[in-house]
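Undergrad: I'll drop the sequence and a predicted model, then ask my questions.
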Amino acid sequence: MKNKDDLTDKQKKFIEEYLIDMNGTRAYRAVYPSVKKNETAAALASRLLTKDNVKKAIEPLLENMRTARMATATEVMEYLTSVMRGESTAEVVVVEGLGDGCSEARRFKKAPDEKERLRAAELLGKRFGLFKDKVEVSGIEAEQSKLDSLLEQMGGGD
């Protein structure tokens with residue numbers, strides 16, 4: 001006896017196709033080539049995506065995809081450090097005039113400039129709490145004693 005949570009082979013193939021580009025219409029037509037109209041495929045794909053067993057199968061796969069694509073905090077810190085140190089490079093396209101109205105595009109690698117390196121250092125510094133402002137609080141005690149004195153004069157003491 002088949003469990004209601006079991007997926008058919010076509011549902012499994014649909015899920016594989018759907019996860020390629022998250023396009024239900026295209027995925028449905030790839031699995032069911034006899035469906036010729038996009039409107040029909042879209043409606044049937046939408047209905048298939050609302051089935052509990054299909055949703056349950058897709059959700060963990062989507063979460064894995066998100067996790068794999070998401071940068072970790074360590075990756076971000078390493079990248080910012082490499083920019084700050086001038087170790088990273090970016091590809092830049094420069095168009096040079098050759099004369100007679102002709103030009104040529106050239107690509108070359110460029111290290112981060114001073115502004116980019118400073119910004120990376122600033123972001124790293126913020127992350128590690130290096131730029132916290134210190135607030136001067138020494139005058140507060142003097143003001144508090146003046147306030148206490150005034151309150152005592154007005155109220156005649158406690």
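TA: In hand now; what should we look at? Numbering: from 1, shown residues only.
Undergrad: pull the number of nearby residues for residue 54.
TA: 19 (other C-beta atoms under 10 Å). Where you see a C-beta, it was placed from the backbone N, CA and C, and this is true even at glycine.
Undergrad: would you say it is within a helix?
TA: Yes. With DSSP: H, G, I helix; E, B strand; the rest coil as the criterion, residue 54 is part of a helix.
Undergrad: show me the contacts for it.
TA: Counting by C-beta atoms under 8 Å, 6 or more residues apart in numbering, residue 54 touches 7, 11, 14-15, 48.
Undergrad: can we see that at 10 Å?
TA: 7-8, 11-12, 14-15, 18, 47-48 (C-beta atoms under 10 Å, 6 or more residues apart in numbering).
Undergrad: those strands in this protein, which residues are they?
TA: 90-99, 102-110 (DSSP state E).
Undergrad: and the last one with strand 90-99, angle?
TA: Strand 102-110 and strand 90-99 meet at an angle of 160 degrees, taking axes from the mean of the first three to the mean of the last three C-alpha atoms, to 10 degrees as the criterion.
Undergrad: okay, the spatially most central residue of the chain: pLDDT?
TA: Among the residues of the chain, the one closest to the centroid is residue 70, at 6.7 Å (C-alpha atoms, centre = their mean). pLDDT, residue 70: 80.
Undergrad: circling back to that earlier point, tell me which of the contacts of residue 54 is nearest to residue 155?
TA: Using C-beta to C-beta, residue 18 comes nearest to residue 155 of the contacts of residue 54, at 75.6 Å.
Undergrad: ok, now how distant is that closest one from residue 38?
TA: Going from residue 18 to residue 38 by C-beta to C-beta, to the nearest Å gives 15 Å.
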